Every structure is written in structure tokens, then in C-alpha cells.
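Asks: Predicted structure and sequence below. I'll ask about it afterward.
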Amino acid sequence: MALTERYNAGTLLDRNNQVILHLGEGPTNYRDIRTQTREAFPAGQFVCPHGACFDHDGNIFVVEWVEVGRVTKLRK
């Protein structure tokens, strides 16, 4: 299971709800950055993740709550 925490991070859990991995630590000023253009987003970091899902190949898609929209594919 993938959980997103709107304050720039996410967490992967196993079948027993045990933490496997924490995903990212983004900027602490996410409220200022989320209204900017994509060029202002820190490379390789989440700004304001809001949801996540898996595809059949095990890749994870993270959707962020930012003004211009943002979807990140994390390849398995």
C-alpha cells in the first residue's frame, strides 16, 4: 500500500501494514512552491503528494496537489 502525506512525503507499507520505505522529503515551504510553475519544483522531490496508485508492472504513480498538477512515475 502507498500512503501519501501532503507535506512532501509518502510511505510504502507491506501486507501487514509495516513500513517498507519512506519516499522523499521535499521542501518545508511547500505552500509557497505549490502555486509556482513546474520549473520551481525541486527535482527528485515531492512538493505536495496527494494520492498514489500502482500499475500491473509494480510502478507507482504519485499525484500531487499543486496548482499546475503533477504526476510522477516511480519505476519498479
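Replies: Nice, thanks for sending it over.

Asks: per-residue pLDDT, the residue sitting nearest the centre point of the chain?
Replies: Nearest to the mean C-alpha position of the chain, counting by Cα atoms, centre = their mean, stands Pro49 at 4.0 Å. Pro49 carries a pLDDT score of 86 in this model.

Asks: Pro27 now?
Replies: 72.

Asks: what number of residues lie near it?
Replies: 18 (other Cβ atoms under 10 Å). Bear in mind the C-beta positions are built from the backbone N, C-alpha and C, glycine included.

Asks: I figured it hits Gln36, correct?
Replies: No. Contact criterion Cβ atoms under 8 Å: Pro27 and Gln36 do not qualify, at 10.7 Å.

Asks: Which residue ranges of this protein form strands?
Replies: 2-5, 9-13, 19-23, 49-54, 60-64, 70-74 (DSSP state E).

Asks: out of those strands, which comes closest to Ala40?
Replies: When the strands of the chain are compared by Cβ to Cβ, strand 70-74 sits nearest Ala40, at 11.4 Å.

Asks: Quick one: mean pLDDT over the closest one.
Replies: 90.

Asks: CA atoms only: put it into PDB for me.
Replies: Only the C-alpha atoms of strand 70-74 are listed here, as PDB (Å, rounded to 0.1, in the frame of the first residue of the first chain):
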ATOM      1  CA  ARG A  70       1.900  16.900 -11.300                       C
ATOM      2  CA  VAL A  71       2.100  13.100 -11.700                       C
ATOM      3  CA  THR A  72       5.400  11.300 -11.000                       C
ATOM      4  CA  LYS A  73       6.100   7.800 -12.200                       C
ATOM      5  CA  LEU A  74       8.400   5.800  -9.900                       C
END
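
Asks: and the residue of the chain positioned farthest from its centre, what are its phi and psi?
Replies: What lies farthest from the middle of the chain is Asn16; by Cα atoms, centre = their mean that is 21.8 Å. The phi and psi values for Asn16, taken as degrees, to the nearest 10, are phi -100, psi 20.
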